[in-house]
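K.L.:
Below are the sequence and a predicted model for it; my questions follow.
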Amino acid sequence: MRLKSFAIFAALALSTAISGCSTIGGQLFTNNYGAMTDAGYQLPRIPIEKVPAKYHRQEVRYDSSEKPGTIIVDTQNKFLYFIEGDGMAMRYGIGVGREGFEWHGTAHIALKREWPTWTPPGAMIKRQPELAKFASGMEPGLKNPLGARAMYLFNKGGDMGYRLHGSPEWFSIGKAMSSGCIRLMNQDIIDLYDRTSVGAKVIVI
């Protein structure tokens, strides 16, 4: 009987390993999406039960040769990893660029802003003329597309025009809907923002 129980346990362990259950040794933060006050703004609760569990913030095993503090964006699987070291990372669900707006490469965080102003680029205004009213910038707030935080990506050529930012559109997480920026739920971008330093390396794969 003991042998049979051991065999069942071993089979379950093997099944878990094969399925890539990377939360072993980590923590799931599903309870961290409640309503909160931030800089005078009242962020509403995210109906996190409607977001697939794999996109909830969680600490996972993630082997990487990159130093702690590096951000790796997996656009295919819609995950962002903040490298913690010792084979661990904090993983966040993200929304990425829709077809025609995908990109890959290496950048760094040059600027960080809390409750940023959003200014649509000229090309976006050309595609969506109704955004012309925001040509001088849309004031911060709960409806601002950059959400509660934004981190600005630069490379050797300067500002790439891409951001890691929050979004009030929690339902877009796990989807390809943006114009190339990487979006997170507002509660997640606040957490990531506090962990990330200016100058941090960002790798988009």
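P.N.:
Yep, that arrived.

K.L.:
Dihedrals phi and psi, Val198?
P.N.:
Torsion angles at Val198 (phi, psi; degrees, to the nearest 10) stand at phi -60, psi 130.

K.L.:
where's it relative to Ala110, distance?
P.N.:
Per Cβ to Cβ, to the nearest Å, Val198 is found 7 Å from Ala110. Bear in mind the C-beta positions are built from the backbone N, C-alpha and C, glycine included.

K.L.:
more crowded one of those two?
P.N.:
Between Val198 and Ala110, counted using other Cβ atoms under 10 Å, Ala110 has the larger neighbour count: 16 against 11.

K.L.:
The helix or strand hosting the more buried one: which residues count as buried?
P.N.:
Assigned by DSSP states H and E, Ala110 belongs to strand 105-114. Under the neighbour-count criterion of 16 or more other Cβ atoms under 10 Å, strand 105-114 has 107-110, 112 buried.

K.L.:
which one of those is nearest Pro168?
P.N.:
Lys112 (19.5 Å; Cβ to Cβ).

K.L.:
out of everything not next to it in sequence, what's closest to the closest one?
P.N.:
Closest residue to Lys112 apart from its sequence neighbours, by Cβ to Cβ, 6 or more residues apart in numbering: Met151 at 5.2 Å.

K.L.:
Strand partners (parallel or antiparallel) of whatever helix or strand that neighbour lives in?
P.N.:
Assigned by DSSP H and E, Met151 belongs to strand 149-155. Strand 149-155 has its sheet partners listed here by DSSP bridges as strand 105-114 (antiparallel), strand 158-167 (antiparallel).

K.L.:
what is the rounded mean pLDDT of whichever helix or strand comes after the last one?
P.N.:
Elements were assigned by DSSP H and E; along the chain past strand 158-167, the next helix or strand is strand 176-178. Averaging the model's pLDDT scores along strand 176-178 yields 85.

K.L.:
roughly how far is strand 176-178 from the heart of the chain?
P.N.:
Relative to its parent chain, strand 176-178 has a centroid offset of 13 Å by Cα atoms, centre = their mean, to the nearest Å.
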